[in-house]
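Colleague: Generate coordinates for the sequence data below:
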Amino acid sequence: MAPEVVTLAPGFVVSRIAKGHWQLAERHGAPYAREAALDDMRRFVETGITLFDCADHYVGVEQLIGEFRRRHPDHARRLRVSTKLVPDLESLPRLQRHDVERIVDTSLARLGQERLDLVQFHWWDYRLPGYVEAMHWLDDMRVAGKVELLGTTNFDTARLAEIVASGVAVATNQLQYSVLDRRPENGMAAFCAAHGIKLLCYGTLAGGFVGERWLGAPEPRPPYDNRSLVKYRLIIEDFGGWERFQALLSVLDAIAKRHAVGIGSVAIRYVLDKPGVAVALVGARDAAHLDALAGPFILDDDDRGAIARVVSNAPGPRGDCYELERVEDGPHSVIMWKNQNAGGPPRDGRYADAPPIIERKSR
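Modeller: Numbers count the residues shown, from 1 in each chain. Okay, here's the model as predicted:
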């Protein structure tokens, strides 16, 4: 059975499950076989997953998708690509219109497109002015035909409200939303619903932590296999730690067995059922678990109640969307690579490769 579809804008119809590509970025984790990755992309499209998500700062990924599109033009015609425009932190004080135009033109060249399907804008530091103006530059490019839809990613509610109030038509907002992280429910989801902004949700499987592999597993310690695990290990700590996370996995596993699906499928369904959610992004490095993603199923009241009893008692993550990640020198911030477009991932030790482990008392 093919995945469900959703209309993001008139004529812009995509699968409700998207293939995220952060895990294929340079230095995200262990090297991968390029040919296998390209063939996996083909399998995803043939299964009905017609939205690929990437970013200008996922080093090498736009080029990889562009190569796939050239090799498989028939598949490319079925595919939409959402990318992100993420100016480097060090460039924000001097960002100009021509810089934004150059980034868009670079993405067009890498992806081999005449018009970008969806561009999602991110701004690292609110203390630096310019994000509203930059969105208007992007909107001018939309009017000129270089971009079809505009979106945002990782803004909080107040700053997204500024952008919307300025007159920019924002079609989508990409944010972290999962059974572990319900921060969008602290105002963002309601704001987006009121303004017709569709939610594209990443982190649905917490970088792979939400799955059978980690059920009953001992608490992991650094070094981690990839940067997704570095990031989402912190989210698990905010959720309440490894013991509480194991309790959640046990509940998800019981639900999965009743429906003859996997734990990941339950977690994805949980997000897709949330009001305002259009798409769940799954950071699939390969097609190994593709069959488990294809067919929808229904969570019943008992399922939702069982999940709610675990997550409602979690102490966090708290605050607005991406608020913790913006705390200067905080654990969520120091692991971020914020200047990748200038020359690839950092190699000078300025960013932590693993979060600090917080020793917690038993709960």
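Colleague: hey, let's count contacts and neighbours off CA atoms from now on
Modeller: OK.
Colleague: For the stretch 251-363 of the chain, which segments count as strands?
Modeller: 277-282 (DSSP state E, counting those that start in this stretch).
Colleague: now swap in the stretch 101-250 of the chain and tell me
Modeller: 116-121, 147-153, 172-176, 198-202.
Colleague: strand partners of the third one, parallel vs antiparallel please.
Modeller: It stands for strand 172-176. Sheet pairing for strand 172-176, assigned by DSSP bridges, gives strand 147-153 (parallel), strand 198-202 (parallel).
Colleague: I'd like the strands of the stretch 101-250 of the chain laid out as JSON lines, including mean neighbour count.
Modeller: Compiled in JSON lines, the strands of the stretch 101-250 of the chain are given as follows (neighbours: other CA atoms under 10 Å):
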{"stretch": "strand 116-121", "mean neighbour count": "23"}
{"stretch": "strand 147-153", "mean neighbour count": "23"}
{"stretch": "strand 172-176", "mean neighbour count": "23"}
{"stretch": "strand 198-202", "mean neighbour count": "25"}
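Colleague: how about the ones you listed in JSON lines, adding distance to Asp320?
Modeller: Formatted as JSON lines, the strands of the stretch 101-250 of the chain follow (distance: least, CA to CA, whole Å):
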{"stretch": "strand 116-121", "distance to Asp320": "18"}
{"stretch": "strand 147-153", "distance to Asp320": "13"}
{"stretch": "strand 172-176", "distance to Asp320": "11"}
{"stretch": "strand 198-202", "distance to Asp320": "15"}
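Colleague: Contacts only, for Asp40.
Modeller: Asp40 is in contact with Asp286, Ala287, counting by CA atoms under 8 Å, 6 or more residues apart in numbering.
Colleague: Quick check on it: phi, psi?
Modeller: Main-chain dihedrals, Asp40, degrees, to the nearest 10: phi -60, psi -40.
Colleague: Below-threshold pLDDT in this protein: ranges please.
Modeller: Flagging of the chain using pLDDT under 70 yields the residue ranges 1, 289, 291-292, 294-295, 343-363.
Colleague: tell me the centre residue of it?
Modeller: The centroid of the chain falls nearest to Tyr202 when counting by CA atoms, centre = their mean (3.0 Å).
Colleague: All the helices of the stretch 1-150 of the chain, residue numbers only.
Modeller: Using DSSP state H, counting those that start in this stretch, the helices of the stretch 1-150 of the chain run over residues 34-47, 61-71, 73-78, 97-111, 131-144.
Colleague: Touching the third one from outside, list them.
Modeller: Here helix 73-78 makes contact (CA under 8 Å, 6+ apart) with Arg42, Val45, Glu46, Thr50, Phe68, Arg69, Arg70.
Colleague: Serialize the helices of the stretch 1-150 of the chain to a markdown table and add fields for distance to Pro315.
Modeller: Output for the helices of the stretch 1-150 of the chain, formatted as a markdown table (distance: least, CA to CA, whole Å):
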| stretch | distance to Pro315 |
| --- | --- |
| helix 34-47 | 36 |
| helix 61-71 | 35 |
| helix 73-78 | 42 |
| helix 97-111 | 39 |
| helix 131-144 | 32 |
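Colleague: So which of the ones you listed is nearest Ala25?
Modeller: Closest of these to Ala25 is helix 61-71, at 5.7 Å (criterion: CA to CA).
Colleague: What helices and strands are in contact with the closest one?
Modeller: Where contact means 3 or more CA pairs under 8 Å, 6 or more residues apart in numbering; DSSP states H and E, helix 61-71 is packed against helix 34-47, helix 73-78, helix 97-111.
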